[in-house]
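J.: predicted structure and sequence below. I'll ask about it afterward.
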Amino acid sequence: MGRPVAIIGSGQTKHGSRFDVTYPDLVREAVRAVFEDTGITADDIDGVVSGTMPSMMEGVALTHFYFADAMCSVGKPILKTETCGSTGVSAALTGYYWVASGMADVILVVGSEKMHEGDSQATMTTVAEPFYQRFFISGAPGVFSMQSQMWMARYGIPEDKLRDAAAKVSVDHHRDALDNPYAHIKKAVTMDEVKNAKVITYPCRLWDICPNSDGACAVVFACEEKAKKICQKPAWIKGVGYRGDEYWFGDSDKVVWQGAIEAAREAYGAAGISNPLKELDVAEVYNPFTFQELLYYENFGFCDFGQACDYTLKGTFARGGELPCDPSGGTLCTNPIGATGLIRVAEAAMQVTGKAGDHQIEGAKLALAHAMGGVDQFNGIMILGSEL
Amino acid sequence: MAKHFQTLRHDVWLPYKFAVGPTFKRFYEGLKEKKILGNQCPKCGKILVPARTFCPTCYVDMGEWIEVSQEGEVVSWTLANYEFVGRPVDPPFIGALVRLEGTDCNFLHLIGGFDLSNKDTVRSKIKPGTRVKAVWSDEKTGHLLDIKYFEPV
Amino acid sequence: MVTSDKKGNPIIEAEVRIPYELAVGPTWYRFFEGFKQEKIFGTRCPKCNRVLVPARTFCPRCFVDMEEWVEVSQEGEIVAWVLTDYEYFGIPIKPPFIGSLIHLEGTDCTFNHLIGGFDLTDLDTVRKKVKNGMRVKAVWEKEKRGHILDIKHFTPV
């Protein structure tokens, strides 16, 4: 697995609609925040990793060139990663590999997006090639609705039960976001409001779906020696996993989703986890859509297939439950795509080091961070722990 | 005989709404008033143009805003003679790096004001070190092309 | 030119339109020639024996060339469907439309296309009519141009 690596701090912008600043200035806000959190400066950084959505999102190609100054990467080696929704986790993995390999001691990872500057669905659809899938992949809502559909039919989950479970997820997370100072959407919703909201793509309704957000997140990865010197409480990377599927949506099963299952299995293996429901204290699962979050519980082994709705309705995955999921409100309340996966990692690190403030899960020592990318194509997981 | 391969014509057409931010907003307002604005880093003292939010070397917020000289020397130039989607003006045009007097970086803009159709004429007129001066458009909209081009003095 | 958004923030509005010309290649070419003859072609992998549609140059799992072309059934079952009733800039098919994954008989993957042939304006009516597992069949356009939409949609049998 390479040598031990820790996260020594993180920084986030106030996510939301950020027309008050240009993109580079937004990125700098996050980088300054992580410098403040860690006490380090640009001189302490050996290299930088940048992650964003396909550059078409903001109309400027190769955004890591654009904000080289803002990320303090001038005069340093730099790597860029783009894996759509899972970009933030890919960027975190890139930073982790770099330090674990021994070729750098301290790496700055930055994820960012300014979704309000482009048309997000039009840009996301450019991921689909124009020979075949471009016509039928009706943006993200269409894809995840189809996936939920398949799952419901496969396990004979009654529509009402599924609707209630997804609504509970929405209600819980929107309330959780009120305790997260960086979250974008801060509006409590009721079960009725969620269940009767405007249909976007059936079964997904307005409050089942994430917002378009502007925002950036910065995280610093360090080797054991530097981490122990600089940081009082490092968050240690205990395990990682990443898997990609075939390109075409119809080529593999997205219900019993081998890519997600194996990414989790690899991460659990390295972290020594055999019963995730019992052993994990908190999970920041990528959840732009409530229905898809339920499916992840099953694919990550938090419960058996077909069971996620029952466990959810019992409160297992809510803040007071056995395995709180997304106490930050998650992607559902804040989604600057290039930053989102990295925010999951930052939140997991904050949880195991007691820095999550009002949404801290008491005594959390082991946390999972996850993000998914493409038309259900990539899954990445990072497990963080308070002990080396 | 040339072989013909079948192709699929496909346009990517996307709308954008860029945040201008306070720094560029002030810089553009300056252009409307026929001023070229830079600012100075309080740490290293460099004067950069266009004005920035922060110094890329020192990473601190830039300090004082300064109206910089509209004259300077050509550092480098190229005569562009082809069309491409997204071109600033129709060819032929000259893209150039100009060191405006009193500043510590090179300013990217156009050189013009004379016949560009013959490249030998152009080469005799413009060399590294040639002094140039900003010429303004009649209409100003707060855009970098409010400066029409830089003309040899 | 700098304008303002509703909150008074300075913004610049712009549109980017970039033209592309993609190579079609021999596999898509042969697949779409098949469409002109109202045939749907898949290819079979010599190693794993799966039949994939649309036809491929190579098997994405075994990574070997797929040289055996097979005409596949034009009928199959709906595996997933979604009614789309919103627009984004430049959406190629005007809503409402139903995107779907269809398992064509005899193939080993699912095929992405449209479900149609009936009124799509009311969600509740659509939900009563379209079900997972339902059998559907391809309906062709009269005029063909060698394009994925030469199949107009799949309609319930």
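T.: Thanks, I have it.

J.: which one is the residue nearest the centre of chain A nearest to, not counting chain neighbours?
T.: Centroid-nearest residue in chain A: residue A:341, 2.9 Å away (criterion: Cα atoms, centre = their mean). Nearest in space to residue A:341, with sequence neighbours left out and distances taken as Cβ to Cβ, 6 or more residues apart in numbering or on different chains, is residue A:88 at 2.5 Å. Placement of C-beta: from N, CA and C, glycine included.

J.: so what touches the helix or strand harbouring residue A:259?
T.: Take DSSP states H and E as the rule and residue A:259 turns out to sit in helix A:258-271. Helix A:258-271 has contacts (Cβ atoms under 8 Å, 6 or more residues apart in numbering or on different chains) with A:1, A:238-245, A:252, A:273-274, A:276, A:296, A:299-301, A:366, A:368, A:370, A:372, A:377-383, A:385.

J.: cutoff 6 Å now
T.: With contact meaning Cβ atoms under 6 Å, 6 or more residues apart in numbering or on different chains, helix A:258-271 is reached by A:1, A:238-243, A:245, A:299-300, A:379, A:381, A:383.

J.: swap in stretch A:186-202?
T.: With Cβ under 6 Å, 6+ apart as the test, stretch A:186-202 has contacts from A:141-142, A:145, A:167, A:170-171, A:174-175, A:177-178, A:205-207, A:209, C:82-84, C:123.

J.: inside helices: which ones of those residues?
T.: A:141-142, A:145, A:167, A:170-171, A:174-175, A:177, C:123 (DSSP state H).

J.: could those go into a markdown table alongside pLDDT, neighbour count and distance to residue C:154?
T.: Listed next are the ones in helices among the contacts of stretch A:186-202 as a markdown table, based on pLDDT from 0 to 100; neighbours: other Cβ atoms under 10 Å in any protein chain shown; distance: Cβ to Cβ, whole Å:
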| residue | pLDDT | neighbour count | distance to residue C:154 |
| --- | --- | --- | --- |
| A:141 | 88 | 23 | 21 |
| A:142 | 87 | 25 | 16 |
| A:145 | 91 | 28 | 18 |
| A:167 | 98 | 25 | 32 |
| A:170 | 98 | 28 | 33 |
| A:171 | 98 | 21 | 37 |
| A:174 | 98 | 22 | 38 |
| A:175 | 98 | 17 | 42 |
| A:177 | 98 | 25 | 41 |
| C:123 | 89 | 13 | 19 |
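
J.: what is the nearest of these to residue B:49?
T.: For the ones in helices among the contacts of stretch A:186-202, the minimum distance to residue B:49 (Cβ to Cβ) is 42.2 Å, reached by residue A:177.

J.: report the contact partners of the closest one.
T.: So, once contact is read as Cβ under 6 Å, 6+ apart, residue A:177 ends up touching A:183, A:186, A:329, A:333.

J.: mind redoing it with 7 Å?
T.: Neighbouring residues of residue A:177 by Cβ atoms under 7 Å, 6 or more residues apart in numbering or on different chains: A:183, A:185-186, A:329, A:333.

J.: which residue would you name as the spatial centre of chain B?
T.: Looking at chain B with Cα atoms, centre = their mean, the centroid-closest residue comes out as residue B:109, 2.6 Å off.

J.: in contact with that residue, which residues are there?
T.: Listed by Cβ under 7 Å, 6+ apart, the contact set of residue B:109 reads B:96, B:98, B:147, B:149-150.

J.: elements contacting the longest strand seen in chain B?
T.: Ordering each strand of chain B by length in residues (DSSP state E) puts strand B:7-19 first. Packing partners of strand B:7-19 (3 or more Cβ pairs under 7 Å, 6 or more residues apart in numbering or on different chains; DSSP states H and E): strand C:10-23.

J.: what does the strand it packs on rub up against?
T.: The contact list for strand C:10-23, computed with Cβ under 7 Å, 6+ apart, reads A:19, A:59, A:130, B:5, B:7-20, B:25, B:85, C:1-5.

J.: put the buried members of those residues into a ChimeraX selection.
T.: Remark: buried members of those, expressed as a ChimeraX selection using 16 or more other Cβ atoms under 10 Å in any protein chain shown:
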select /A:19,59,130 /B:8,12,14,15,16,17,18,19,20,25 /C:2
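
J.: may I see the buried residues of the helix holding residue A:259?
T.: Within helix A:258-271, the residues that count as buried by 16+ other Cβ under 10 Å are A:259-268, A:271.

J.: quick one: which of the residues you listed is nearest residue A:112?
T.: residue A:263 (23.6 Å).

J.: now do the contacts for residue A:170.
T.: The neighbourhood of residue A:170, defined by Cβ under 7 Å, 6+ apart, consists of A:189, A:194, A:207-208, A:290, A:332.

J.: quick one on the thing from earlier: put the alpha carbons of the helix holding residue A:259 into PDB.
T.: C-alpha atoms of helix A:258-271 as PDB (Å, rounded to 0.1, in the frame of the first residue of the first chain):
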ATOM      1  CA  GLN A 258     -19.600  -4.600  -9.600                       C
ATOM      2  CA  GLY A 259     -17.500  -1.400  -9.900                       C
ATOM      3  CA  ALA A 260     -18.900   0.000  -6.700                       C
ATOM      4  CA  ILE A 261     -18.800  -3.400  -4.900                       C
ATOM      5  CA  GLU A 262     -15.100  -3.900  -5.800                       C
ATOM      6  CA  ALA A 263     -14.000  -0.400  -5.000                       C
ATOM      7  CA  ALA A 264     -15.400  -0.800  -1.600                       C
ATOM      8  CA  ARG A 265     -14.000  -4.300  -1.200                       C
ATOM      9  CA  GLU A 266     -10.500  -3.100  -2.000                       C
ATOM     10  CA  ALA A 267     -10.700  -0.200   0.400                       C
ATOM     11  CA  TYR A 268     -12.200  -2.400   3.200                       C
ATOM     12  CA  GLY A 269      -9.500  -5.000   2.600                       C
ATOM     13  CA  ALA A 270      -6.600  -2.500   3.100                       C
ATOM     14  CA  ALA A 271      -8.400  -1.000   6.200                       C
END
